[in-house]
Structure formats: C-alpha cells, structure tokens
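**Student:** got a structure for you, letters missing:
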Ligand SMILES: Nc1ncnc2c1ncn2[C@@H]1O[C@H](COP(=O)(O)OP(=O)(O)OP(=O)(O)O)[C@@H](O)[C@H]1O
Ligand SMILES: [Mg+2]
C-alpha cells in the first residue's frame, strides 16, 4: 500500500469519525463536549491531513449576523441543494417561491478546479451566560469547510473568494429591494436610528416596457451596466463610484418610469429624496450618509423642489462691474439661503451633496434629477461631471407606440398601425396619453377598439393643432395688417422705397 493511500484512508476514517462525532455531540453535556474536543483536536492535528474552516452565524456576542455565513449559505443553497439529501424549505422574499437550503448536519461536496471540498451544516447548543435567562440553551449555527492540506493555497485563496463573491451576488439578486423616503414634516424620535422610512420596492417597469427609441434605450442600458461593473475603473482614476443622470422632458414622458426601470435593471434600492422636507444642509448630509451602496438617489422635479434656478438675486441688488463670473455664481448661491420653501438647503449644499467628500462614502450610487424645465436650472447644478448624462424624454414616436401596443394589447402588427404611424408623426402626444388610450375601457373592448380610440384622440389633437396654428397665423396677419393700416409702416422698421416700382417695397429691420 502506497503512503498516499494510507493517508487518504486515515483521512477519510477520521473525517467519518468527525462526522459521527458531530452528530453524537448534541446528546453529550456541554462540559463533556468541550473536554473531548480539546484533546481529540490536539491528537488528531498530528495525523489528520485535512484543514477545516468554520463560518459561524454569529461571532462572539455580536448581534449582527455574519456576512461570511450569509454568503456561504446563499452559495450552498444555489450550488449544492441538488446534491444534498436533507433540505430545509423556507418562503422566498415575495412569498411566492420556496427557497431550499441544506438541513442541519447535512454534508455536501463541491468541486472547484479539480479539487473536492466538503461542506457540513452544523448546529451547536451553548448554554447562555445569564442564569436568569428563560432559555437554557442557545442555538448556534455554522458551516464547516473541510479540504486537504495540499490544496490550502487554492482553497483559502481563490475558492473562498469565489464562494464569497458568488454568495453575495446571489443574496443581492434575491434580496427584497426597498423604496426609501424622507417624509415631510415628520419628526424623527431620538430612538429611531434612521431618517429614512421605507417600503418594499416592487415597481414593474423595465426597459423592455419603456416606450422610446430603441437606439437611445440601448445606449442608456449600456451606460448603466458599464457603470455597475466599473468598480476597478473608478478606483483607478480616483473618482467616487457614482454617476449623475438628469432626466428632462414634458410631463408624462416617462421620467419616473425610467427611474424604476433603472432600479430594476441594476437591482438597486431607491431613495426618493423630498428636498422641501429637508431642514438644512446638515440634514441633507445626514440623509446622504445614511444611504447604502447599490442605490439610486432621486430628486424629482428639481426645479420645483427649491429655487435653484440662479435667478434669485433680489431686485435692486447690483453687482459692481469688476465682479467676475465666479462672484456672480457665489452671490447666486448665497441667494438660495433665504429659500422660499421653508427649507434652508442651498445650491452649494446640494452641490456638496452631489460631489462633496461625503458623497464618496458607500459607493455605487446613481443620483437622478428629473425636471420638466431643464432651462430653468442653474448650469452649475447640471454641468457634466455632476450630472454626467442628460437624457431627454420626449413625445411618443411610432417606435414608442409599438412598445406600448405590445405592452397593453399584446400586438406586434395590425392594419390600423399605418394610420397611427401617419398621425403620430404629425402631433405631439405623450406616451402617458397613448398608454391611457390603449387601455381597454370595458371588458368588451378589443385591440381594434383600443386602437380606434387612440386614432380618434390623435385626430382630435391634429385638429386642435391645426386650429391653433391657423389662429396664430391669423393673429400675426391681423397684427401685421393693423400696423400697416395705421402707420403705413412697421414701427422700428425702415421702409426703403425702391423707386422703380412704387408697389415693390423691401422692409429692412433696423431695430
Ligand atoms: N416612455 C414611456 N414608456 C412607457 N410608459 C410610459 C412612458 N411614459 C409614460 N408612461 C406611462 O405614463 C405614466 C406616467 O409616466 P411618468 O410618471 O413616468 O411620467 P413623468 O415623465 O415622470 O411625468 P411628470 O413630469 O409629470 O412627473 C406611467 O405610469 C406610464 O404608465
Ligand atoms: Mg414623474
């Protein structure tokens, strides 16, 4: 018999013995267990070529569940639940599916780069320290990883890294995402740890259901996915791992819907920041610090939240001629201190919130502003580097309509599409209005009826537009004719008589 075979036989005998002991120990008193383990471990360590690593659910007296234990649990539940013979079943995050994990004392194997390792799920009972405690014993769970000494480097290096990474990813995918908000007028009691209140985030919007140009959609998705995978890149260039998006466009064009689609694409939490409810810059900073990684911080209708338009300099305040552009910005920023909304958040406070030193804490965050009036915003607030990507959401195009027809009516083609295509190119209609018209109004409404409703709405809009246009033209004509009638010339205009033909006059604007 070769030496290696002897070791292997001894190793597996000892492993079996250890496994048997793992099961037996629960029936022994605690003191006996401790005594036995102390001495057997010492003796065995001379002969036993296997290494064991334990992952405890709770370490010491710490109340927080160990992240390593949680990652191992997720990893094993995804990778080895098919090979385990005894499993525990628990309800998943949305109570719609069962999650299977290894039951206590179950043992499974895992193969990594040709190396086999053993995982055992374990539970130990330890007496509580307090004699007054109602519960005589505490249950402590742990996972034990066993592998041969010769694979020490590979297991403690890349294998454990792989388990942690994959486990964390599985946990992130399966976690219940949250929508946080800072409720206006709410006084946080001193015992309450956080300034945010939250509910479960379950918005169904995705980029697939968003009505917009396919090319633009692809570009945004690529931008978001690239951001979420760029941890190393941001580290290398020495920039905080965050990205600002400005979504602008008329009401009902899908700005809020896009935020939900972004959160669903990247599996991020959403922090809906109500700026008018924030007392001052200090409170704004506190709110920011409490946000977690992998989240989107949203400030909706930024133009309405605060007067951040750069127009706040009081009437009569004049800047001396030698004040440079920088000073102008400074005066504008200070002007915000008086805030008209009851909030004392200033533009500079907000800029600090976006790119100040605290904004780097936590990492992997998107900051999204939405507005209906991009031109009203202070350029300092939306300059590139702060709001890195400006996305305009606009009226519905035929491509957008096709997405909505598919969402609402499960239609990819229909004889009425041609009419919709012609009309939608002529009028401005928001995706929200198109969606509303495509919605069946009674159980008897079929796709044809819904499309006819939309066509009717488009025709009405086209007529209204035509009337408005002709009204404007008539008004212009009346204005022009009236001024000619009264004065024979347009005020501010110089009429040059060409001499040769008295009826032929050119008007040259000199104003
Ligand atoms: N581009 C779109 N794709 C799909 N659905 C859309 C789109 N735009 C609007 N909708 C539909 O219209 C409704 C209103 O859209 P949403 O709230 O996203 O608009 P908004 O741009 O945020 O408007 P506001 O400026 O008033 O906040 C949504 O619930 C959604 O059903
Ligand atoms: Mg909105």
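**Tutor:** Looks like it arrived, so ask away. These figures come from a predicted structure and were not determined experimentally. Ligands and ions are numbered 1, 2, ... in the order given.
**Student:** From here on, just use CA atoms for contacts and neighbour counts.
**Tutor:** Will do.
**Student:** Skipping adjacent residues, who's closest to residue 159 in space?
**Tutor:** The shortest distance from residue 159 to any non-neighbouring residue, by C-alpha to C-alpha, 6 or more residues apart in numbering, is to residue 112 (7.0 Å).
**Student:** those helices in the stretch 351-500 of the chain, which residues are they?
**Tutor:** 379-382, 398-409, 417-424, 431-438, 447-487 (DSSP state H, counting those that start in this stretch).
**Student:** mind checking which of the ones you listed is nearest ligand 1?
**Tutor:** Nearest to ligand 1 among these is helix 431-438 (3.4 Å), distances taken as C-alpha to the nearest ligand atom.
**Student:** Run the angle between the closest one and helix 417-424 for me.
**Tutor:** Per axes from the mean of the first three to the mean of the last three C-alpha atoms, to 10 degrees, the angle that helix 431-438 makes with helix 417-424 is 140 degrees.
**Student:** let's have the chain start at 25 instead
**Tutor:** Fine by me, first position is 25 from now on; the one you just mentioned is helix 455-462.
**Student:** Quick one: mean pLDDT for helix 455-462?
**Tutor:** The average pLDDT within helix 455-462 is 94.
**Student:** what comes up buried for it?
**Tutor:** 455, 456, 457, 458, 459, 461, 462 (16 or more other C-alpha atoms under 10 Å).
**Student:** Okay, the last one and residue 428: tell me how far apart.
**Tutor:** This means residue 462. To residue 428, residue 462 is 8 Å away according to C-alpha to C-alpha, to the nearest Å.
**Student:** Also the fourth one?
**Tutor:** In this view, residue 458 and residue 428 are 8 Å apart by C-alpha to C-alpha.
**Student:** And for the second one?
**Tutor:** Plainly put, residue 456 is 10 Å away from residue 428 if you go by C-alpha to C-alpha.
**Student:** what does the third one give?
**Tutor:** Between residue 457 and residue 428 the computed distance is 11 Å (C-alpha to C-alpha).
**Student:** Likewise for the fifth one?
**Tutor:** The gap separating residue 459 from residue 428 is 6 Å, by C-alpha to C-alpha.
**Student:** go on, the first one?
**Tutor:** Residue 455 sits 8 Å away from residue 428, taking C-alpha to C-alpha as the criterion.
**Student:** wait, is residue 169 part of a strand?
**Tutor:** Yes. The assignment for residue 169, made by DSSP: H, G, I helix; E, B strand; the rest coil, places it in a strand.
**Student:** mind listing what the nearest residue in space to it that is not next to it in sequence touches?
**Tutor:** Excluding its sequence neighbours, the residue lying closest to residue 169 (C-alpha to C-alpha, 6+ apart) is residue 143, at 4.7 Å. By C-alpha atoms under 8 Å, 6 or more residues apart in numbering, residue 143 lies in contact with 131, 132, 133, 134, 167, 168, 169, 170.
**Student:** How is the closest residue in space to the fifth one that isn't next to it in sequence assigned, secondary-structure-wise?
**Tutor:** Take residue 167 and drop its neighbours on the chain: the residue closest to it by C-alpha to C-alpha, 6+ apart is residue 145, 4.6 Å away. Following three-state DSSP, the label given to residue 145 is strand.
**Student:** Show me the one of the helices of the stretch 375-524 of the chain that comes nearest residue 111.
**Tutor:** When the helices of the stretch 375-524 of the chain are compared for distance to residue 111 using C-alpha to C-alpha, the nearest one is helix 422-433, at 39.7 Å.
**Student:** tell me the angle of that closest one relative to helix 441-448?
**Tutor:** 130 degrees.
**Student:** Any chance you could list what contacts helix 422-433?
**Tutor:** Helix 422-433 has contacts (C-alpha under 8 Å, 6+ apart) with 232-238, 435-436, 444-445, 448-449, 455, 458-459, 462-463, 471.
**Student:** which of those residues are close to ligand 1?
**Tutor:** With the criterion set as C-alpha under 6 Å from any ligand atom, the members of the contacts of helix 422-433 near ligand 1 are 233, 234, 235, 236, 455.
**Student:** Filter those residues down to the ones in helices?
**Tutor:** By the criterion of DSSP state H, membership of these in helices covers residue 455.
**Student:** Show me which pair in the ones next to ligand 1 among the contacts of helix 422-433 is furthest apart.
**Tutor:** Farthest pair in these, by C-alpha to C-alpha: 233 and 455, 11.4 Å.
**Student:** Common neighbours of residue 462 and residue 428, please.
**Tutor:** Joint contacts of residue 462 and residue 428 (C-alpha under 8 Å, 6+ apart) do not exist.
**Student:** Looking at the buried residues of helix 455-462, spot the one nearest residue 307.
**Tutor:** Proximity of the buried residues of helix 455-462 to residue 307 (C-alpha to C-alpha) peaks at residue 456, which lies at 35.3 Å.
**Student:** Quick check, pLDDT for residue 515.
**Tutor:** On the pLDDT scale, residue 515 gets 35.
**Student:** give me the number of residues near residue 98?
**Tutor:** Applying other C-alpha atoms under 10 Å, we find 24 residues neighbouring residue 98.
**Student:** Now do it against ligand 1, distance only.
**Tutor:** Applying C-alpha to the nearest ligand atom, to the nearest Å, the value for residue 98 to ligand 1 is 35 Å.
**Student:** what's around the closest residue to that residue other than its chain neighbours, how many residues?
**Tutor:** Spatial nearest neighbour of residue 98, excluding adjacent residues (C-alpha to C-alpha, 6+ apart): residue 191 at 5.0 Å. Residue 191 is flanked by 25 other residues according to other C-alpha under 10 Å.
**Student:** tell me the contacts of residue 191?
**Tutor:** Contact analysis of residue 191 by C-alpha under 8 Å, 6+ apart lists 94, 95, 96, 97, 98, 99.
**Student:** Check for me that the fourth one belongs to a strand.
**Tutor:** If I follow you right, that is residue 97. No. Applying three-state DSSP, one finds residue 97 to be helix, outside a strand.
**Student:** quick one: it and residue 127 touch, right?
**Tutor:** No. Contact between residue 97 and residue 127 fails when scored by C-alpha atoms under 8 Å: they sit 10.9 Å apart.
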